[in-house]
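S.K.: Need a 3D model of the sequence below.
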Amino acid sequence: MRTLIQIQSIHKSFGARQIFDGAALTIHEGQKIGVIGRNGAGKSTLLRLMIGTEELEGGEIVKDRNLRLAYLSQVSDFKPDETVLAYLMRSSEQPDWQCGKIAGRFGLKNELLALRMNGLSGGFQMRARLCSLLLTEPELLLLDEPSNYLDLNTLLLLEDFLRDFKGGFLLVSHDREFLQNTCDMTLDVDDGGLFLYPGSLPEYLEFKAEKTAELERQNQNIANQRKELEAFVERFRAKASKASQAQSKLKQLHRLQPLEISAAQRRVQFRIPGPVVHKGSALVITDLDIGYANKRVASQINLNIGRGEHVAILGANGQGKSTLLKTVMGFLPSLNGSFRWDDASVGFYAQHVYESMDRSLDVESYLRRAAESAVTPQEILNMAGSFLFQGDDAYKPLTVLSGGELSRLCLAGLLLGQHDVLVLDEPTNHLDFETVEALGFALREYSGTVLFVSHDRTFVNLIADRIISITDGAAVFYPGNYADYVASLQAGEQRQIAGAESGGSNKSGAECNPGKTEQPQPVNSWQKRKDLRKQRRELEKEQQALENESAALEAARSTILERMQKAGAVYDPADHDSLASIESNLHSNEENWLKLQDELDQTAAALESLD
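M.R.: Residues are numbered from 1 along each chain as shown. Just a heads-up that it's a prediction; the model follows:
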């Protein structure tokens with residue numbers, strides 16, 4: 001297996017904050033790696049170090065001399081007034097026909113290619129940037145939070161692209177479902193180091209939970225031993241006959257210290273104080289038109305949101321999700337119609353609401369001011385810790401916080417306000433996925449009303465019991481659950497891509513060759529049944545062989561994972577390579593088994609038609 005990049009004992013810090021301290025990593029061709037870690041752990045810094053826009057303080061990053069590397073940052077790279085086609089041709093150095101062919105796979109065709117990049121929504125800009133990367137035929141992609149601000153349609157396209165991509169990639173994302181649908185390895189950036197696990201995100205989280213549980217069991221044993229030693233020392237230190245033994249026990253006591261459990265291994269949990277829920281409506285919207293002076297975004301909106309309901313507002317970028325929230329919160333005037341909040345305390349979180357925060361405060365004093373009077377100081381500190389303001393960070397002045405940190409702080413303050421209604425516009429963009437999940441669980445248990453916009457599928461799945469769909473100027477309750485909504489989008493995008501790849505034609509082969517027709521031939525039904533039964537037996541035999549082989553591979557994988565778990569962070573290269581090979585074979589077996597099952601289903605249907 002060809003090695004693409006070797007990271008050797010690297011060091012990097014920002015001021016007094018150590019990001020990497022002797023971290024090491026080897027990346028091989030074809031590896032699809034999901035990069036996880038708490039905010040500020042160094043995920044984006046790692047990618048910038050790999051492409052050379054950030055400088056190392058120590059160690060070395062060695063790349064294969066022939067490596068074709070492509071980097072998708074969070075910052076756009078198109079020029080003012082540049083069209084989509086011009087951008088693709090300039091950035092990839094490919095001819096227009098090749099650019100148009102690849103762009104069609106992402107729904108960028110015909111008149112869209114002539115539009116200016118800076119006039120497209122964020123989702124379509126991301127599609128164009130992905131096309132640009134694909135056109136360079138890279139072996140390794142570095143993707144830094146590509147799902148931020150993407151609508152669900154574009155996110156599904158990106159998933160399909162990454163699953164089909166023949167090369168490897170490192171994908172930084174806070175979206176759990178996105179990572180588990182695209183990556184087969186997991187890189188945890190934690191405590192100045194890099195830990196590469198040769199398995200999917202769910203497998204790694206299970207491994208980490210088991211490791212944490214084992215550390216906690218060991219710490220409990222250590223605590224019990226310390227208690228016994230302390231009791232012995234206390235009892236016998238004053239007795240001359242036992243003095244030497246007491247001193248020996250005291251030395252043992254000093255050596256017997258609890259094992260450290262890193263912050264990344266501690267599970268984030270918190271509770272949102274909620275109101276007593278009464279019957280009736282929280283928000284009633286009647287014949288509402290929303291938009292701006294020069295643009296009407298959606299019209300004739302009629303919605304009734306009950307108290308205690310958790311409602312997700314979904315739709316493509318630019319359809320009016322945030323516009324609707326800003327209108328019902330009074331930040332934008334309505335163009336027509338009306339809305340009414342029924343005697344409710346409403347808390348609002350917007351993507352850039354932190355810009356109005358009082359910067360003379362520190363974290364704790366801001367949360368104390370935002371919290372309801374009944375909230376205790378300990379509950380305030382607990383909430384701060386849940387949003388990664390732990391220890392001394394709880395007393396940092398707001399003037400030194402980044403935009404992401406201010407957003408998290410604003411959200412924490414909102415949750416302490418004990419509101420009847422929470423209105424949230426993309427609340428997860430600056431949170432790591434563990435905090436996203438913890439917030440989702442907390443909001444699911446929250447007794448008040450939640451009206452929110454989010455493209456994070458795990459988050460929406462956890463919270464939403466109703467869905468408002470905004471598309472083509474209309475906002476209505478979707479007649480189905482979230483899984484139905486996602487499936488409908490996937491089907492729509494697949495039809496769009498199929499149309500692009502076939503040049504927009506849906507004609508069958510017979511229509512393309514009208515002069516050629518096939519005459520039905522007589523069939524011996526007895527012989528046909530015999531052949532189909534034989535085919536069925538052969539398919540079932542092949543399936544059984546695959547199942548036996550997969551069972552053996554599963555057993556081998558379990559043995560290796562158990563050995564690696566006992567070894568902790570020390571990897572045996574042979575185990576690493578064996579596990580990668582096993583995962584690849586299991587994936588291949590599963591695909592082949594499914595193909596055989598499809599053939600079996602077709603055979604069964606054919607037999608049934610002859611009976």
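S.K.: need the contact list for the closest residue to S360 other than its chain neighbours.
M.R.: Nearest residue to S360, sequence neighbours excluded (C-beta to C-beta, 6 or more residues apart in numbering): L398, at 7.7 Å. From N, CA and C alone the C-beta is placed, and that goes for glycine too. Neighbour list for L398: M357, D358, R359, S360, L361, D362, V363, Y366, L406, L409 [criterion: C-beta atoms under 8 Å, 6 or more residues apart in numbering].
S.K.: Can you show me the helices along the stretch 351-500 of the chain?
M.R.: With helices called from DSSP state H, counting those that start in this stretch, the stretch 351-500 of the chain shows them at 363-370, 377-386, 403-415, 433-445, 457-463, 482-501.
S.K.: For the stretch 151-300 of the chain, just list every one of the strands.
M.R.: Using DSSP state E, counting those that start in this stretch, the strands found in the stretch 151-300 of the chain span residues 168-172, 185-190, 193-197, 281-292, 295-306.
S.K.: Dump those into a markdown table; add distance to E214 and mean pLDDT as well.
M.R.: Converted to a markdown table, the strands of the stretch 151-300 of the chain look like this (distance: least, C-beta to C-beta, whole Å; pLDDT from 0 to 100):
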| stretch | distance to E214 | mean pLDDT |
| --- | --- | --- |
| strand 168-172 | 28 | 95 |
| strand 185-190 | 17 | 93 |
| strand 193-197 | 16 | 93 |
| strand 281-292 | 46 | 94 |
| strand 295-306 | 46 | 93 |
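S.K.: Which among the ones you listed is found nearest to V436?
M.R.: Comparison of the strands of the stretch 151-300 of the chain against V436 by C-beta to C-beta identifies strand 168-172 as nearest, at 14.3 Å.
S.K.: Quick one: list the elements packing against that closest one.
M.R.: Where contact means 3 or more C-beta pairs under 8 Å, 6 or more residues apart in numbering; DSSP states H and E, strand 168-172 is packed against strand 17-28, strand 32-36, helix 43-51, strand 140-144, helix 176-182.
S.K.: now the angle from it to strand 32-36?
M.R.: 20 degrees (axes from the mean of the first three to the mean of the last three C-alpha atoms, to 10 degrees).
S.K.: looking at the helices of the stretch 351-500 of the chain, which has the lowest confidence?
M.R.: Ranked by mean pLDDT, those bottom out at helix 482-501, with a mean of 66.
S.K.: Quick check: what element follows the helix or strand bottoming out on mean pLDDT in the chain along the chain?
M.R.: Here the helix or strand of the chain ranked lowest by mean pLDDT, DSSP states H and E is helix 509-512, holding a mean of 34. Using DSSP states H and E, the helix or strand that follows helix 509-512 in sequence is helix 525-567.
S.K.: so what does that next one touch, helix or strand wise?
M.R.: helix 201-236, helix 573-610.
S.K.: can you redo those helices as JSON lines with mean pLDDT, mean neighbour count and distance to Q94?
M.R.: Formatted as JSON lines, the helices and strands packed on helix 525-567 follow (pLDDT from 0 to 100; neighbours: other C-beta atoms under 10 Å; distance: least, C-beta to C-beta, whole Å):
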{"stretch": "helix 201-236", "mean pLDDT": "77", "mean neighbour count": "14", "distance to Q94": "34"}
{"stretch": "helix 573-610", "mean pLDDT": "75", "mean neighbour count": "14", "distance to Q94": "31"}
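S.K.: got a markdown table for those, with distance to E145 too?
M.R.: Output for the helices and strands packed on helix 525-567, formatted as a markdown table (distance: least, C-beta to C-beta, whole Å):
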| stretch | distance to E145 |
| --- | --- |
| helix 201-236 | 16 |
| helix 573-610 | 26 |
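S.K.: Looking at these, which is nearest to G22?
M.R.: Of all the helices and strands packed on helix 525-567, helix 573-610 comes closest under C-beta to C-beta, at 18.6 Å.
S.K.: which strands and helices sit next to the closest one?
M.R.: Secondary-structure packing of helix 573-610 (3+ C-beta pairs under 8 Å, 6+ apart): helix 525-567.
S.K.: ok, the residue nearest to S360 to L67 distance?
M.R.: 43 Å (C-beta to C-beta, to the nearest Å).
S.K.: swap in E29?
M.R.: 9 Å.
S.K.: intersection of neighbour lists for those two?
M.R.: Here E29 and L67 have L4, E139, L140 as joint contacts, going by C-beta under 8 Å, 6+ apart.
S.K.: Name the residues that touch the helix or strand where I5 lies?
M.R.: Using DSSP H and E, I5 falls within strand 3-14. With C-beta under 8 Å, 6+ apart as the test, strand 3-14 has contacts from 19-29, 42, 45, 49-50, 54, 56-64, 67, 139-140, 168, 194.
S.K.: How about stretch 475-482?
M.R.: Contacts for stretch 475-482 (C-beta under 8 Å, 6+ apart): 298, 301, 303, 312-314, 320, 324, 457, 460-461, 464, 466-469, 484-485, 488.
S.K.: What are the structural domain limits within this structure?
M.R.: Domain assignment for the chain by automatic domain parsing gives 79-137, 205-265, 281-490, 525-610.
S.K.: Would you mind telling me which of these is nearest I36?
M.R.: Closest approach to I36 among these (C-beta to C-beta): domain 281-490, 6.7 Å.
S.K.: what about the closest one, start to end distance?
M.R.: Using C-alpha to C-alpha, to the nearest Å, the end-to-end distance of domain 281-490 comes to 33 Å.
S.K.: Stretch 68-75 too?
M.R.: By C-alpha to C-alpha, one end of stretch 68-75 lies 21 Å from the other end.
S.K.: For that stretch, buried residues please.
M.R.: Burial within stretch 68-75, assessed by neighbour count using 16 or more other C-beta atoms under 10 Å, is assigned to L69, A70, Y71, L72, S73.
S.K.: Report the two of those residues separated the most.
M.R.: So, the buried residues of stretch 68-75 by C-beta to C-beta: farthest apart are L69 and S73, at 12.9 Å.
S.K.: show me the contacts for the closest residue to L586 other than its chain neighbours.
M.R.: Closest residue in space to L586, ignoring its immediate chain neighbours: L553 at 5.3 Å, by C-beta to C-beta, 6+ apart. Residues in contact with L553, defined by C-beta under 8 Å, 6+ apart, are I582, N585, L586, N589.
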